[in-house]
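**Q** kindly generate the corresponding structure for this input.
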Amino acid sequence: MTEDIFQGYKGEALEVLKKFKVRVWGQANVETTRGTFEGTVLPRAENDDDKHIVIKIITGYNIGIDIHTITGMKETGYKKASYKIPEKQFPVTPGLPNVKLFGTGGTIASRLDYRTGAVIPAFSPGELYGAVPELADICNLETEKVFAVFSENMGPKQYIALAKAIGKEIKKGIDGIVIGHGTDTLHHTGAALTFMCQNLPVPVVLVGSQRSSDRPSSDAALNLMHAMKAAGQSDIAEVMVCMFGPTSDKYGLLHKGTRVRKMHSSYRSTFRTIGDTPLARITRDEIIPIKEHYNKRRSDRNVKILPYFSNDVTMLYYYPGMKPDVLDAMVDAGYKGVIFVGTGLGHVNKELYPAIERAHAKGVHMFMTLQTIWGYVHMFVYDTGRDMMARGIIPAGNMLPEVAWVKLNWVLGQTNDPEKVKEMMLTPVNDEITLREPYNGYLVYQGGVPEVEDFIRKVYK
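**A** Numbering: from 1, shown residues only. Presented below is the predicted three-dimensional model:
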C-alpha cells in the first residue's frame with residue numbers, strides 16, 4: 001500500500017493502518033478494548049501525534065482512537081470525501097427582495113482542513129448557496145467576497161472598506177445587506193458600522209456561526225436563513241447582529257449593533273443584548289418585534305457614510321494594585337485616547353492619579369466604562385469618581401467598553417478638539433448610551449436556584 005493513501009499518519013499509527021490494510025477515506029469497523037466504532041478514517045493533522053487514528057462516525061462527529069486500544073480493523077468500503085462545496089448560480093425570482101451578501105470569512109464560511117486540523121476560511125459566498133439552497137426561497141442574492149479572514153484579524157481597514165461598500169450598494173438600490181463574519185469580534189464590527197453607516201434606509205445584518213459547517217450541530221445554515229430574511233423582509237433599518245436566541249434552533253434574535261456582546265465561547269446562543277432587550281425574534285416564517293421603537297425601513301437611498309477610524313485608542317482594564325507606569329507606557333506609545341474599564345461605578349486606585357494627570361496634560365482623551373458590563377458609570381457618588389473627573393476622565397454612561405473603544409476611535413478620526421470629542425462621545429448615535437435600562441434589561445439566570453429551576457422545568461420538558 002502506497003504512502004499517499006495514509007495522509008498525515010506517521011509512526012505507530014501508520015503501522016497500525018498498514019497492518020490492517022485500512023486506507024484514509026476508507027469506511028472501517030474498529031474493534032477496541034472500549035467497544036466497536038464504525039466510521040470513515042480521516043487524514044491526520046500533520047502536527048498531531050502518532051498515537052491516534054481519527055474517524056468520522058455516523059453522527060458526523062470526529063473521534064480519536066488510541067491505537068493501543070485497537071484490537072482489530074476492517075475496511076468495509078472506500079470513497080474519498082470532498083469537503084469542497086461547489087458554487088452555484090443563485091436563481092432570480094421576481095417579487096423576492098434583493099439582498100447583497102458580503103463575505104469576510106469566519107466559521108460561517110469555513111470548513112475543516114484535515115491537513116492541519118484547523119478550521120479555515122474556505123467557502124466563498126457562492127458556495128454558501130450551494131450549502132444552503134433554502135436561501136433561494138427567501139431572497140434574490142448577490143454575493144461578494146470582500147475579505148477571507150478570521151474575525152480577530154478584522155480591524156479599521158476592514159471596517160472602512162465595509163462601510164464604503166454598504167454605501168455603494170444602498171445607492172444602487174439593494175433591499176438589504178448581510179455580512180458573514182466570524183463571531184469573536186462580530187460585535188466590534190457591529191458597533192463600528194453603526195457609527196460609520198448612519199440614517200440607513202435598509203437593514204444591515206451581521207451574521208456568524210459558532211460551529212463550522214461540517215459539524216452536525218452547526219448553526220451556520222439557520223443563522224444565514226434568519227439573516228437573509230431580516231435583511232430582505234424586516235422593516236428594521238439598523239445595523240444588527242443575527243444569531244441563535246436559545247441554544248436550540250427555536251428562533252434567532254436580532255440585536256442592536258451597539259448593545260450586543262458575545263457572552264460565551266462556544267454556546268450557539270452566545271450573543272446577548274446588554275442593558276436592553278433585543279430588537280426582535282426571527283424564525284424562517286416570521287419576524288416578531290420585541291422593541292416598539294427602532295429605525296424604520298425607507299424607500300429612499302439617502303444614507304450617511306462616515307468611514308473614519310483613528311486606531312489611536314487603547315483600553316485599560318483596571319485591576320487592584322495597578323501601577324501608574326501602565327498608563328504612562330500607553331501615553332508614551334502615542335495613544336491619543338484611553339477607555340478605562342473600571343470597577344463598581346467606575347473606579348481605579350489613587351496610585352494612578354499622577355499618571356492620569358500626566359495623560360490629561362498631554363491631551364489624551366479618557367473615558368470611563370465598567371467591568372460589570374451591565375449598569376451605568378456613576379462618578380459623582382464617591383470621592384474616587386469625583387477625583388478622577390477632576391483629573392480629566394469622563395463617564396461614558398452605560399456604553400459597553402468595546403463600543404466606547406470603537407466610538408472614540410471613530411470620533412478621533414474626525415476631530416481632536418476636547419470639547420467636540422466629549423460632545424460626540426456623549427451624544428448617542430443609536431442607543432450606545434440609553435437614558436435608563438428597562439426592568440428586564442438585566443437578567444442572569446443562575447442554575448440551581450429554585451425559581452430558575454422551576455422556570456426551566458416549565459419551558460424545557
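
**Q** how about M424, phi and psi?
**A** Here the main-chain torsion angles of M424 (degrees, to the nearest 10) amount to phi -70, psi -40.

**Q** how close does the residue nearest to it when sequence neighbours are not counted get to C139?
**A** Counting by C-beta to C-beta, 6 or more residues apart in numbering, M424 lies nearest to V411, which is 4.6 Å off, once chain neighbours are set aside. Heads up, the C-betas are built off the backbone N, CA and C, glycines and all. According to C-beta to C-beta, to the nearest Å, V411 stands 35 Å off from C139.

**Q** cool, L254 as well?
**A** 16 Å.

**Q** specify which residue of the two has the higher count of neighbours.
**A** L254 (30 against 23; other C-beta atoms under 10 Å).

**Q** now do the contacts for V16.
**A** Neighbouring residues of V16 by C-beta atoms under 8 Å, 6 or more residues apart in numbering: I53, I67, I70, M73.

**Q** not counting sequence-adjacent ones, nearest residue to the third one?
**A** What it means is I70. Distances taken as C-beta to C-beta, 6+ apart place T32 nearest to I70, at 5.4 Å, with adjacent residues excluded.

**Q** and the last one, by the same measure?
**A** Excluding the flanking residues, the one nearest M73 by C-beta to C-beta, 6+ apart is F20, at 3.8 Å.

**Q** now M366, what's its secondary structure?
**A** Here M366 is strand, with the state taken from DSSP: H, G, I helix; E, B strand; the rest coil.

**Q** tell me the contacts of the residue nearest to M73?
**A** Contacts of F20 by C-beta under 8 Å, 6+ apart are G72, M73, K74, E75.

**Q** name the nearest of those residues relative to L345.
**A** Nearest to L345, judged by C-beta to C-beta, of those is M73 at 63.3 Å.

**Q** other SSEs contacting the host helix or strand of the closest one?
**A** Taking DSSP states H and E as the criterion, M73 maps to strand 70-78. The elements that strand 70-78 packs onto, with contact taken as 3 or more C-beta pairs under 8 Å, 6 or more residues apart in numbering; DSSP states H and E, are helix 11-20, strand 26-32.

**Q** that strand: what's the following helix or strand?
**A** strand 98-103.

**Q** endpoints of stretch 245-265, how far apart?
**A** 15 Å (C-alpha to C-alpha, to the nearest Å).

**Q** next: stretch 357-377.
**A** 20 Å.

**Q** what comes up buried for that stretch?
**A** Residues of stretch 357-377 classed as buried: 358-360, 364-370, 372-373, 375-377 (neighbour count, 16 or more other C-beta atoms under 10 Å).

**Q** tell me the one among those nearest to L206.
**A** I373 (20.1 Å).

**Q** can you confirm that closest one is in a strand?
**A** No. In this structure, I373 is coil, not part of a strand, as judged by three-state DSSP.

**Q** quick one: contacts for it?
**A** R261, I274, L400.

**Q** where's R297 relative to A329, distance?
**A** In terms of C-beta to C-beta, R297 sits 47 Å off from A329.

**Q** how much space separates G105 from I65?
**A** Applying C-beta to C-beta to G105 and I65 gives a distance of 32 Å.

**Q** where does pLDDT dip in the stretch 1-150 of the chain?
**A** Applying pLDDT under 70 to the stretch 1-150 of the chain flags residues 1-5, 46, 81-88, 106-128.

**Q** hmm, back to that, what are the buried residues along the strand holding M73?
**A** Of the residues in strand 70-78, those buried (16+ other C-beta under 10 Å) are I70, M73.

**Q** distance between it and the chain's centre?
**A** Strand 70-78 sits 41 Å away from the centroid of its parent chain (C-alpha atoms, centre = their mean, to the nearest Å).

**Q** A390: which of the contacts of V16 is nearest?
**A** Taking the contacts of V16 together and measuring to A390 by C-beta to C-beta, the closest member is I53, at 66.4 Å.

**Q** can you tell me who the closest one pairs with across the strands?
**A** I65 (DSSP bridges).

**Q** these two touch, right, it and T32?
**A** No. Using C-beta atoms under 8 Å, I53 is not in contact with T32, being 10.1 Å away.

**Q** of these two, who's got more company?
**A** Remark: of I53 and T32, I53 carries more neighbours, 27 against 16, as counted by other C-beta under 10 Å.

**Q** would you turn the helices and strands packed on strand 70-78 into CSV with distance to V449?
**A** Below are these laid out as CSV (distance: least, C-beta to C-beta, whole Å):
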stretch, distance to V449
helix 11-20, 48
strand 26-32, 42
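
**Q** just name the most buried of the ones you listed.
**A** Mean neighbours per residue, mean count of other C-beta atoms under 10 Å, is largest over the helices and strands packed on strand 70-78 for strand 26-32, with a mean of 18.
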